[in-house]
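*Asks:* Just need the structure, nothing else, for what follows:
(one chain, ligands or ions: 1)
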Amino acid sequence: MAMPEELHFVLVPLVAQGHIIPMVDVARLLAARGPRVSVVTTPVNAARNRATVDGARRAGLAVEFVELPFPCAQLGLPEGVEAIDQMAGLEPAMYLRFFQAIWKIADPLEEYLRALPRRPVCLVVDACNPWTAPVCERLGIPRLVMHCPSAYFQLAVHRLSAHGVYDRVRDDEMAPFEVPEFPVRAVGNKATFRGFFQYPGVEKEYREALDAEATADGLLFNTSRGIEGVFVDGYAVALGKRTWAVGPTCASSSMVNDADAKAGRGNRADVDAGHIVSWLDARPPASVLYVSFGSISQLTAKQLAELARGIEASGRPFVWAIKEAKGDAAVRALLDDEGFEARVKDRGLLVRGWAPQVTILSHPAVSGFLTHCGWNATLEAVSYGVPTLTWPTVADQFCSEQLLVDVLGVGVRSGVKIPAMYLPKEAEGVQVTSREVEKAVAEMMGDGPEGSARRLRANEIAAEARAAMEESGSSHSDLTDMIRYVTDLSKQRSRERDASSMARPSELGEKNQQDAVLPVQMTQVSI
Ligand code: UDP
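*Replies:* Okay, the predicted model is just below:
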């Protein structure tokens with residue numbers, strides 16, 4: 001009888017924190033069911049996420065990183081730039097090179113797969129990694145595509161494309177429209193409903209991403225049916241694909257109950273998690289505002305100064321992950337020379353870089369999250385019952401704002417209307433004034449009937465999200481179903497390869513003949 005560890009899954013995340021973090025979560029969840037899981041990434045990204053994987057290994061899970069080289073030098077990128085957030089400050093032309101470098105991981109990936117003694121059951125690949133499709137095709141390995149944004153966003157972009165709305169507003173980024181054939185009323189414009197790769201210069205990558213999704217053996221979302229069922233189902237029908245909702249991965253009990261897993265998530269924090277916890281312990285329950293714009297988005301110095309004044313005027317205790325302080329001298333001047341940090345030192349904790357976000361959000365002193373609405377931040381707020389003050393900066397974040405405020409009823413809008421890149425130059429990136437920040441913080445953190453109802457609703461949704469990840473929950477069942485489905489599929493592919501190798505052995509073109517047989521036989525797995 002084959003043992004569960006003979007099942008091997010290979011995961012290929014996009015090289016961005018907001019994509020690697022949930023993929024590593026999926027690796028932990030899969031490994032907890034028995035299979036061995038390899039996460040393929042580059043050395044810098046592996047180093048950043050090493051603590052989580054090491055923690056999983058200490059807990060007995062068969063998870064590992066497989067490090068493949070990232071061809072920075074070959075494409076004229078600075079050495080060691082291997083993740084999207086590291087592109088901050090580089091000229092825009094570099095982004096194209098960065099994506100070309102990502103596409104070049106295909107060859108080492110194929111080499112790695114061919115050198116394995118057995119083919120993996122399947123590859124789970126980020127939707128932004130369509131270059132994995134020909135590799136899987138050549139090797140006959142099933143491939144699942146994982147979307148890291150919300151199902152709400154994916155369905156909206158799909159409907160807008162299918163109904164030709166993007167074409168109709170081709171020349172006017174600000175022309176308002178309603179998303180057609182959508183489960184809820186959703187209004188926006190091209191700037192706020194831009195899909196990944198829907199930018200000039202990456203048309204080829206966009207086509208490849210669509211093709212790779214169309215030929216995938218199934219789709220995964222980091223969400224739950226309770227949070228987004230109607231959007232997941234709508235997308236499954238629209239694409240005609242098996243689709244599983246296996247999240248929110250941050251709400252699994254292995255995360256909720258593991259202080260180290262929370263503290264080490266995504267990167268080594270620039271402040272000791274224990275120090276933050278002690279600081280929060282000293283604050284009254286449900287009193288603290290947490291402010292973060294994720295791993296990539298940055299405010300201009302002028303907008304950041306408005307935000308700082310608004311937070312100061314709110315009078316609330318707060319923790320602010322302020323990564324701009326690392327690279328922007330004007331921001332450092334605001335914090336240091338102009339005395340912001342000194343003025344708020346009794347009630348404000350500034351983290352100049354990476355903060356242990358889930359440690360903070362899961363602390364009982366925290367009762368509000370000013371967020372850029374990245375999908376992971378959104379799920380983390382939802383999973384830990386923290387109401388949000390929404391401040392989207394690009395793309396899918398405007399959809400997360402709509403979901404939080406209009407659909408789930410757990411958010412208050414800051415007042416941001418469009419991505420800052422569309423503002424006139426003289427605005428210097430300012431969309432929300434200090435007075436508006438102060439007002440919005442008061443509304444979101446307030447104890448009036450609306451604030452209390454929002455808090456209650458946030459707690460109910462958090463309980464639902466966690467229940468979805470428990471053994472009888474919908475996300476747990478979806479993961480079970482996904483494992484069964486791809487295991488059967490890989491057996492079928494193996495039989496097809498056997499038949500075709502017998503028919504025309506000389507045409508196989510395999511480097512490793514042992515590979516022609518896939519000995520993965522799942523007869524028992526702890527799912
Ligand atoms: N994150 C963190 N500390 C930080 C900034 C970000 O732990 O200081 C984590 C955050 O918890 C989330 C991820 O990084 O899991 C960011 O993903 P998200 O989708 O929220 O936003 P992105 O960075 O992709 O815009």
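*Asks:* Next to the ligand, which bits of this protein? Give me the list.
*Replies:* If contacts are counted using CB under 6 Å from any ligand atom, the residues of the chain sitting beside the ligand are 17-18, 21, 265-266, 292, 294-297, 321, 354-355, 357-358, 374-377, 380. No exception for glycine: its C-beta is placed from N, CA and C like everyone else's.
*Asks:* secondary structure element for residue 466?
*Replies:* Using DSSP states H and E, residue 466 sits within helix 449-469.
*Asks:* which strands and helices sit next to the host helix or strand of residue 482?
*Replies:* Take DSSP H and E as the rule and residue 482 turns out to sit in helix 474-503. Other helices and strands packing on helix 474-503, by 3 or more CB pairs under 8 Å, 6 or more residues apart in numbering; DSSP states H and E, are helix 17-31, strand 122-126, strand 218-221, helix 225-239, strand 243-245, helix 449-469.
*Asks:* one more time with 6 Å
*Replies:* Counting by 3 or more CB pairs under 6 Å, 6 or more residues apart in numbering; DSSP states H and E, the packing neighbours recorded for helix 474-503 are strand 243-245, helix 449-469.
*Asks:* hmm, who's touching the shortest one?
*Replies:* Meaning strand 243-245. Applying CB atoms under 6 Å, 6 or more residues apart in numbering, the set of residues contacting strand 243-245 from outside is 219-221, 223-225, 232, 236, 475, 478, 482.
*Asks:* With neighbour count and pLDDT added, can I get these in JSON lines?
*Replies:* Compiled in JSON lines, those are given as follows (neighbours: other CB atoms under 10 Å; pLDDT from 0 to 100):
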{"residue": "219", "neighbour count": "23", "pLDDT": "98"}
{"residue": "220", "neighbour count": "26", "pLDDT": "98"}
{"residue": "221", "neighbour count": "27", "pLDDT": "98"}
{"residue": "223", "neighbour count": "29", "pLDDT": "98"}
{"residue": "224", "neighbour count": "29", "pLDDT": "98"}
{"residue": "225", "neighbour count": "20", "pLDDT": "97"}
{"residue": "232", "neighbour count": "25", "pLDDT": "98"}
{"residue": "236", "neighbour count": "19", "pLDDT": "98"}
{"residue": "475", "neighbour count": "29", "pLDDT": "98"}
{"residue": "478", "neighbour count": "21", "pLDDT": "98"}
{"residue": "482", "neighbour count": "24", "pLDDT": "98"}
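*Asks:* Show me which of the residues you listed is closest to the ligand.
*Replies:* Minimum distance to the ligand across these is 12.4 Å, recorded for residue 223 (CB to the nearest ligand atom).
*Asks:* And the helix holding residue 482, what's buried?
*Replies:* Within helix 474-503, the residues that qualify as buried by neighbour count (16 or more other CB atoms under 10 Å) are 474-480, 482-483, 485-487, 489-490, 493-494, 497, 501.
*Asks:* next one: stretch 107-121
*Replies:* Burial within stretch 107-121, assessed by neighbour count using 16+ other CB under 10 Å, is assigned to 108-110, 112-113, 116, 119-121.
*Asks:* can you give me the strands for the stretch 251-400 of the chain?
*Replies:* Counting by DSSP state E, counting those that start in this stretch, the stretch 251-400 of the chain has strands at residues 288-292, 318-321, 348-351, 366-371, 388-390.
*Asks:* Okay, buried residues for the helix holding residue 466 please.
*Replies:* By neighbour count, with 16+ other CB under 10 Å as the criterion, the buried positions of helix 449-469 are 451, 454-455, 458, 461-462, 464-469.
*Asks:* in the stretch 151-300 of the chain, which spans are helices?
*Replies:* 151-162, 165-168, 203-214, 225-239, 253-256, 259-263, 273-281 (DSSP state H, counting those that start in this stretch).
*Asks:* ranking the ones you listed by burial, who's on top?
*Replies:* A comparison of these by mean neighbour count, using mean count of other CB atoms under 10 Å, puts helix 151-162 on top with a mean of 23.
*Asks:* And that one, what does it pack against?
*Replies:* Under the contact definition 3+ CB pairs under 6 Å, 6+ apart, helix 151-162 sits against helix 225-239, helix 396-402.
*Asks:* can you list these in JSON lines and add distance to residue 409?
*Replies:* Output for the helices and strands packed on helix 151-162, formatted as JSON lines (distance: least, CB to CB, whole Å):
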{"stretch": "helix 225-239", "distance to residue 409": "12"}
{"stretch": "helix 396-402", "distance to residue 409": "12"}
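*Asks:* just the angle between the host helix or strand of residue 55 and helix 17-31, please?
*Replies:* Of the helices and strands defined by DSSP H and E, residue 55 is found in helix 43-58. For the pair helix 43-58 and helix 17-31, the angle between their directions (axes from the mean of the first three to the mean of the last three CA atoms, to 10 degrees) equals 30 degrees.
*Asks:* Return the list of helices and strands in contact with helix 43-58.
*Replies:* Contacts defined by 3+ CB pairs under 6 Å, 6+ apart place helix 43-58 against helix 17-31, strand 63-67.
*Asks:* can you list contacts of it?
*Replies:* Outside of helix 43-58, the residues that reach it under the criterion CB under 6 Å, 6+ apart are 15, 20, 24, 28, 63, 65, 67, 82-83, 260-261, 264, 267.
*Asks:* try stretch 142-160
*Replies:* Residues from elsewhere that reach stretch 142-160, judged by CB under 6 Å, 6+ apart: 19, 22, 122-124, 126-127, 136, 166, 179-182, 193, 195, 213, 216-221, 223, 228, 231-232, 234-235, 238, 375, 396, 399-400, 403, 486, 489-490.
*Asks:* Please save the CA atoms from it in PDB.
*Replies:* Output in PDB follows, covering the C-alpha atoms of stretch 142-160 (Å, rounded to 0.1, in the frame of the first residue of the first chain):
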ATOM      1  CA  PRO A 142      -1.500  18.000 -14.200                       C
ATOM      2  CA  ARG A 143      -1.400  21.800 -13.500                       C
ATOM      3  CA  LEU A 144      -3.700  23.800 -11.200                       C
ATOM      4  CA  VAL A 145      -3.800  27.600 -11.400                       C
ATOM      5  CA  MET A 146      -4.000  29.500  -8.100                       C
ATOM      6  CA  HIS A 147      -5.400  33.000  -8.100                       C
ATOM      7  CA  CYS A 148      -4.000  35.200  -5.400                       C
ATOM      8  CA  PRO A 149      -6.500  38.100  -5.700                       C
ATOM      9  CA  SER A 150     -10.200  37.700  -4.700                       C
ATOM     10  CA  ALA A 151     -12.800  35.700  -6.800                       C
ATOM     11  CA  TYR A 152     -14.800  39.000  -6.800                       C
ATOM     12  CA  PHE A 153     -11.900  40.700  -8.700                       C
ATOM     13  CA  GLN A 154     -11.300  37.800 -11.100                       C
ATOM     14  CA  LEU A 155     -15.000  37.500 -12.000                       C
ATOM     15  CA  ALA A 156     -15.400  41.300 -12.500                       C
ATOM     16  CA  VAL A 157     -12.400  41.400 -14.800                       C
ATOM     17  CA  HIS A 158     -13.700  38.400 -16.700                       C
ATOM     18  CA  ARG A 159     -17.200  39.900 -17.100                       C
ATOM     19  CA  LEU A 160     -15.700  43.200 -18.200                       C
END
